[in-house]
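# sequence and computational prediction follow.
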Amino acid sequence: MSKKIILLAGPTASGKSKLAIQLAKKLNGEIINADSMQIYKEFTILSSRPDSEETRKAKHHLYGVISVKKHFSAGNWLKLANSKINLCFKLKKVPIIVGGTGLYFNTITKGISKIPSIDTQTRNKVRNLFTRLGYKEFYKKLLILDPKVKNKILPSDSQRSQRAYEVILKTKKSLFDWIANTKSDFINFEISKIYIDIPRDELLKKIYLRTELMFKKKCIKEVKNFNSLKLKDSFSANKLIGVQEINAYLKGSSSLDQCKELINIKTRQYAKRQNTWARGHMKNWNKLYSKDFTTLLKKTLKVIS
């Protein structure tokens with residue numbers, strides 16, 4: 001059996017889960033999660049994790065396996081995904097990797113740089129310097145330390161600027177030297193890459209319907225349970241769309257309708273960022289869509305075969 005891997009990406013609410021289940025049935029496959037929020041145990045509704053009915057139809061991996069109390073990176077995900085991919089091959093199953101987190105897919109197609117861990121002291125030193133100088137002066141200092149950053153990271157990209165600074169400070173080596181030596185663990189595998197290129201009007205309707213369904217499924221209770229954990233703001237789960245919006249409603253600073261509308265707006269903005277990422281990082285992926293699901297399934301199977 002050739003080592004075939006299927007990557008299935010697309011913007012939020014585009015119908016990835018439904019398509020993945022049908023592919024798993026047709027191809028004797030198992031589904032591996034590549035969504036950074038569906039990885040968390042505590043969020044099933046707001047993250048739109050596949051429900052029990054869906055998970056009965058096909059074997060699902062890496063859904064709800066990490067606590068929101070833990071920091072979780074793309075590197076952590078790759079280690080877990082690697083293990084599940086190998087398990088699929090051992091069982092003669094086709095791994096179908098599904099999600100909307102572009103960085104996770106990049107670790108499969110391009111690999112992940114083996115940058116040593118950055119200690120907290122170095123990280124805090126860089127953060128404090130950035131706060132003190134502001135992004136323009138900070139960027140000037142970064143260029144002196146690491147000239148290779150020029151034209152590769154914008155001064156306004158504060159997150160990547162700080163990352164590049166801490167890497168050169170800790171390792172004495174440019175972030176881009178580390179990246180240049182990176183290669184995928186799956187070079188010799190047969191990888192099919194599919195992106196659901198759903199038209200904007202269709203996507204907006206699906207986003208609206210999904211938001212309504214979240215409230216019917218009692219997503220407010222889910223946020224209350226999350227609040228009881230009293231996590232620091234730095235934890236990624238705080239960024240999940242719906243958490244801040246529902247908390248504003250609970251505090252009385254917005255109505256329920258305003259809360260829903262803000263969730264819709266934030267979700268649309270997130271979907272737009274996902275599509276922008278795809279245009280930049282997934283140029284050689286197969287962009288597929290059909291309003292008719294059977295036609296979409298046939299198109300996808302044709303690409304994979």
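Sure, I can see it. What you are looking at is a predicted structure, and each value in this text was computed from that prediction instead of being measured. Residues are numbered from 1 along each chain as shown.
# what about Asn247, how many neighbours?
Neighbour count of Asn247, defined by other C-beta atoms under 10 Å: 18. (C-beta placed from N, C-alpha, C; glycine too.)
# actually Ile168, not the one I typed
By other C-beta under 10 Å, neighbour count at Ile168 equals 21.
# that one reaches Leu145, doesn't it?
Yes: if you go by C-beta atoms under 8 Å, Ile168 and Leu145 touch, sitting 5.0 Å apart.
# from Ile198, how far out is Ala271?
Between Ala271 and Ile198 the computed distance is 9 Å (C-beta to C-beta, to the nearest Å).
# who touches both of those two?
In terms of C-beta atoms under 8 Å, 6 or more residues apart in numbering, Ala271 and Ile198 are both contacted by the residues 11, 14.
# surely Asn106 touches His281?
Yes: using C-beta under 8 Å, Asn106 makes contact with His281 at a distance of 6.5 Å.
# the stretch 1-150 of the chain: strands as residue ranges?
Here the stretch 1-150 of the chain has its strands, by DSSP state E, counting those that start in this stretch, at 4-9, 29-33, 60-61, 94-99.
# could you export these to TSV, including columns for distance to Leu262 and mean pLDDT?
Below are the strands of the stretch 1-150 of the chain laid out as TSV (distance: least, C-beta to C-beta, whole Å; pLDDT from 0 to 100):
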stretch	distance to Leu262	mean pLDDT
strand 4-9	26	98
strand 29-33	26	98
strand 60-61	30	98
strand 94-99	24	98
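# mind listing the strands for the stretch 201-305 of the chain?
Secondary structure of the stretch 201-305 of the chain (DSSP E, counting those that start in this stretch): strands at 286-288.
# what about it, any weak spots by pLDDT?
Across the stretch 201-305 of the chain, nothing is flagged by pLDDT under 70.
# secondary structure class for Lys152?
When classified by DSSP: H, G, I helix; E, B strand; the rest coil, Lys152 comes out as coil.
# wait, what's in contact with the closest residue to Ser67 other than its chain neighbours?
Of all residues not flanking Ser67 in the chain, Lys41 sits nearest, at 5.6 Å (C-beta to C-beta, 6 or more residues apart in numbering). Neighbouring residues of Lys41 by C-beta under 8 Å, 6+ apart: 64-68.
# map the structural domains onto the sequence of the protein.
Domain segmentation of the chain under automatic domain parsing yields 4-112+184-304, 120-180.
# give me whichever of the ones you listed is most buried.
domain 4-112+184-304 (a mean of 17; mean count of other C-beta atoms under 10 Å).
# next up, phi/psi of Met113, please.
Let me fix one detail, which is that residue 113 is Ser and not Met. phi -70, psi 140 (degrees, to the nearest 10).
# quick one: the closest residue to Lys291 other than its chain neighbours from Ile220, how far?
In space, and not counting its chain neighbours, Lys291 is closest to Glu202: 6.6 Å by C-beta to C-beta, 6+ apart. With distances defined as C-beta to C-beta, the gap from Glu202 to Ile220 amounts to 28 Å.
# and Asp257, by the same measure?
Distance, Asp257 to Ile220, by C-beta to C-beta: 14 Å.
# for Lys302, same thing?
Here Lys302 is placed at a distance of 43 Å from Ile220 (C-beta to C-beta).
# make TSV from the strands of the stretch 1-150 of the chain and add distance to Lys125 to it.
Output for those, formatted as TSV (distance: least, C-beta to C-beta, whole Å):
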stretch	distance to Lys125
strand 4-9	36
strand 29-33	35
strand 60-61	39
strand 94-99	34
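# fine, thanks again, bye for now.
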